[in-house]
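Student: Sequence plus predicted model, see below.
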Amino acid sequence: QAKPESTRLSEEISDYLQCRSRGDCSRFGLPKVLQHHFSLQCRILNIQSLNLHGCRVDLSCLRKLYDGLKNQHWLKFLNLQNNIIKNVSCEIIGDILNQNRAIEDLNLSNNSISDRGLIVLLQKLKALTELQRLILSYNPLVKGGINFLSKQIARGFSIRWLDLSGNRCHIEDMKALFQALNCSVLHTLVLEDVQQSLGSMNLLGRSLTRNMCLKKLSLKGCNLNDGHAIKLAPGIAQN
């Protein structure tokens, strides 16, 4: 007797994930599973945490994901790290999240999202009040996107953990971000491998003297010299 469709699909995805954990993915392709089965699978399972790290997810896969999560409201964690996500995918990601407004943790690191894509995504995220953690590290963010994000933070955007590591952030964007710290609820800011100017460090130091929420600041790999440290030190000492 043939197995029910839901059982067969669950076994197929489980088999894929087990092989992936052993480093053997040659026989499987999750994008194919997503294309043909994922919309049904999401409706069958009460998914709260969805980890698609390194699964070659692209725009067509995201459309299927949207179909599967439509009118479902329990997704809290979504990891899309290290996929094939470009600016064109940001609108559908925003639509997915607006269908799941309980989302608390979103990881979009190691993709190809530039400033234009980030702005499109952030415009879709305005209604999300539960989002706590946003990881945008190692994307080609240069100028404009982080400035737009900073304005959202200054207006009360709910995120408490922000990771922008590995982006080539323009000095004006960094200044806007550090200025937004004055009235933000961020408790963790990760800026590893992001080069900083003396001017931005000076502004960061002043912001730290006013910000009572920030508990963790990571500047690993930023090559700070004595001048940077002098600008930053007063804020660290007072905080």
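Tutor: Cool, got the structure. If you're wondering where the values come from, they're calculated on a predicted model, not measured in any experiment.

Student: C-alpha only now, for contacts and for neighbours.
Tutor: Noted.

Student: could you point out where this protein is predicted with low confidence?
Tutor: 1-46, 71-72, 197-199, 224-239 (pLDDT under 70).

Student: at 80 what do you get?
Tutor: 1-47, 67-74, 127, 195-212, 222-239 (pLDDT under 80).

Student: Which parts of it are strands?
Tutor: For the chain, applying DSSP state E gives strands covering 49-51, 77-79, 105-107, 133-135, 161-163, 188-190, 216-218.

Student: separation between the nearest residue in space to H53 that is not next to it in sequence and T129?
Tutor: Leaving aside its chain neighbours, H53 sits nearest to Q81 (4.8 Å; criterion: C-alpha to C-alpha, 6 or more residues apart in numbering). Counting by C-alpha to C-alpha, to the nearest Å, the gap from Q81 to T129 is 22 Å.

Student: So between these two, which is more surrounded?
Tutor: More crowded of Q81 and T129, by other C-alpha atoms under 10 Å: Q81, with 24 against 15.

Student: got a list of what the more buried one touches?
Tutor: Residues in contact with Q81 (C-alpha atoms under 8 Å, 6 or more residues apart in numbering) are 52-54, 107-111.

Student: run the last query once more with 6 Å
Tutor: Taking C-alpha atoms under 6 Å, 6 or more residues apart in numbering, we find Q81 in contact with 53, 107-110.

Student: cool, D173 as well?
Tutor: Contacts for D173 (C-alpha under 6 Å, 6+ apart) come out as 146-147.

Student: re earlier: which one (most neighbours) among the contacts of Q81?
Tutor: Going by other C-alpha under 10 Å, S109 tops the contacts of Q81 with 24 neighbours.

Student: contacting residues around that one?
Tutor: Residues in contact with S109 (C-alpha under 6 Å, 6+ apart) are 81, 135-138.

Student: How many residues are close by K215?
Tutor: Neighbours of K215 under the rule other C-alpha under 10 Å: 11.

Student: N51 too?
Tutor: By other C-alpha under 10 Å, 12 other residues sit near N51.

Student: Same question for A127.
Tutor: 13.

Student: quick one: it from D95, how far?
Tutor: Note on A127: its distance to D95, by C-alpha to C-alpha, is 11 Å.

Student: Leaving out chain neighbours, which residue sits closest to R63?
Tutor: I92 (6.8 Å).

Student: ok, how many other residues are close to that neighbour?
Tutor: Counted with other C-alpha under 10 Å, I92 comes out at 19.
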